[in-house]
Every structure is written in C-alpha cells, then in structure tokens.
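Asker: the amino acid sequence is not available; the structure is as follows:
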C-alpha cells in the first residue's frame, strides 16, 4: 500500500514546482517523476468558452481519487502520488488539474501518471459547466476519454 499520497480538491491555484518537490522523499530512491498539468481550454467542441465552473461532492471526490491512486499503486511500483484538482469558477488558461507520481523507473512513472489522469476524467465525480456566448452547457463525458480509460482494463501491465 502506497503511503505517500496527497489529494487536494480546492478553488485555489497551485504551484507545480512545489508539488513536484513534494513527491521526493529526500532519500534519493526516486529514479523518475512524471507529472501532468491540465489547463482550461478557450474552446471545446467548437464552442467558445469564457468560464468553466466545476462542482464536486466533498469527501466522495477525494475518496474516489484515492481509489484511483490505489489502483495505480497496485499496478506499478510507486513511491509517491499526488493529485490536485481545482473546483469553482475558472477561466481559459487557468490550471485545473495536476497529477504527479514518483517511482524508481520512468516506465512506471509515465504509465501510472497517464492511468491516474485517464481515470480522473472518467471516474472522479466532478461536474463541469461551460459558459460562453452560447449560454451554459453541462459537459458530458467524452467518448474518447472513455476509450482511453477502457484500454487499461485490457492492459496486462502489472
């Protein structure tokens, strides 16, 4: 069971460099750190987006993210994992999500980071509403996100 896990869901922006430093144990066991930073896009499905509003269920969302991290740690030898996801009202160009993992080897770090992000998009209980010249639209799950996550079910990587 992975002990160095950090999960934060909040409105405030985040410092990527500080988060990455937080993955390191200080023991130099880490051979690789892989991270992903997601940003609010200005356009989605040919719609101009001026604001993105995200909602979640406190407690349930964090537990869901922990389950995703635990699944990744069962598949790959991770030393640390961290997820930060913003909620509230965001503008195009704002940071929205950060995923970071540390492992002894790059393959595990890359794969686990991608796995966590794919499952965040499909399993974590977040609700997104886009606002723009078109009005308001609740964003539905994208088929390509579902397809990306489904490939992990068929993957034999331990």
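Answerer: On my side now, so go ahead. Note that the structure is predicted; figures quoted are calculated from it, not measured. Residues are numbered from 1 along each chain as shown.
Asker: going forward, measure contacts between C-alpha atoms and count neighbours the same way
Answerer: Fine.
Asker: buried residues in the lengthiest helix in the chain?
Answerer: Ranked by residue count under DSSP state H, the longest helix found in the chain is helix 106-123. The neighbour-count check on helix 106-123 (16 or more other CA atoms under 10 Å) flags 108-123 as buried.
Asker: show me the contacts for the residue nearest the centre of the chain.
Answerer: Centre of the chain computed as the mean C-alpha position; nearest residue by CA atoms, centre = their mean is residue 117, 4.3 Å away. With CA atoms under 8 Å, 6 or more residues apart in numbering as the criterion, the residues that contact residue 117 are 36, 99.
Asker: returning to that earlier point: give me the mean pLDDT for the longest helix of the chain.
Answerer: Taken as a whole, helix 106-123 has an average pLDDT of 97.
Asker: pull the distance from the helix or strand that residue 68 is a member of to the chain's centre.
Answerer: Secondary-structure assignment from DSSP states H and E places residue 68 in helix 60-75. The chain centroid and the centroid of helix 60-75 are separated by 11 Å under CA atoms, centre = their mean, to the nearest Å.
Asker: quick one: it to helix 106-123, angle?
Answerer: Between helix 60-75 and helix 106-123, the angle formed by their directions is 150 degrees, by axes from the mean of the first three to the mean of the last three CA atoms, to 10 degrees.
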